[in-house]
Structures are given as structure tokens and as C-alpha cells.
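Chemist: mind looking at a prediction? Sequence and model below.
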Amino acid sequence: QLQLVESGGGLVQPGGSLRLSCAASGFSLDYYDIAWYRQAPGKEREGIACFKSADDTTYYPDSVKGRFTISRDNVKKMVYLQMNSLKPEDTAVYYCNTDPPLKRYWGQGTQVTVSS
């Protein structure tokens, strides 16, 4: 079964850090560009980190650049998102998927809440 499962979310204070994990099963990550997405209440889902498989380059929008870092371990079939200096506006459900995203890989996501 092709699946991506996110974990590692939680409640954190502003300025804090979290590390999200994404476990792939049923397929190899080697040939896919992988990204993290998030969806805040009342907003559209947005891409916030991308890892290109061809040359290991990464891309981030200005909203998270310098604070978030995407990484991957193809052997373990894991993708990670290190989030530092978290802000209340980072509160959202976070998902991993391919880039561009494939409908069949959307999982339940993991909730991140940044609040004091």
C-alpha cells in the first residue's frame, strides 16, 4: 500500500522548535521530489519546503526560509522537517507529499500549534 504518514506535531510556545517526520511505505523515495505542505484554518494548503531528488537542492518560501529545514533519508524512507523559531502563524496541519503532490499520497497530517 502506497502511503505517507506524518508525525511529530504538537503544542509548542513561540520561539520553540519541532521536528516533523514522514514515513513512506509501499514505494521508494529515491525518484521523487518530496515536499512539506501545511494548511491553516480557513486557508488553502501551501507548500513550505521542497527537496529535489536530482541534485539534493531545497526550496522554501520566504515565510519559513531560515527557520525550517527539510531533509530526507532514502534508505529509511523518511522525510523530516526541522522547524525552529516557531511563530503563531505557523499553526497548521502539516503534510508531506511528492512535488507536485499526488492525490493518493495525502495523509492525515500532523497538527502543529504554536501558542503561549
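Modeler: Arrived safely, thanks for sending.

Chemist: for the rest of this, base every contact and every neighbour count on C-alpha atoms.
Modeler: Noted.

Chemist: OK, contacts around the closest residue in space to L18 that isn't next to it in sequence?
Modeler: The shortest distance from L18 to any non-neighbouring residue, by CA to CA, 6 or more residues apart in numbering, is to M83 (5.2 Å). Residues in contact with M83 (CA atoms under 8 Å, 6 or more residues apart in numbering) are 17-20, 67-69.

Chemist: could you do I34 as well?
Modeler: So I34 contacts 50-53, 79, 96-99 (CA under 8 Å, 6+ apart).

Chemist: change it to 10 Å
Modeler: Going by CA atoms under 10 Å, 6 or more residues apart in numbering, I34 touches 49-53, 58, 70-72, 79, 96-101.

Chemist: least confident pick among those?
Modeler: Minimum pLDDT for the contacts of I34 is recorded at S53 (90).

Chemist: select only the buried ones of the contacts of I34 in PyMOL?
Modeler: The following PyMOL line selects those of the contacts of I34 that are buried, judged by 16 or more other CA atoms under 10 Å:
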select buried, resi 49+50+51+52+53+58+70+71+72+79+96+97+98+99+101
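
Chemist: just give me the closest of the contacts of I34 to R38.
Modeler: C96 (8.6 Å; CA to CA).

Chemist: what about P61, is that helix, strand or coil?
Modeler: Classification of P61 using DSSP: H, G, I helix; E, B strand; the rest coil returns coil.

Chemist: from K76, how far out is it?
Modeler: Distance of P61 to K76, given as CA to CA, to the nearest Å: 27 Å.
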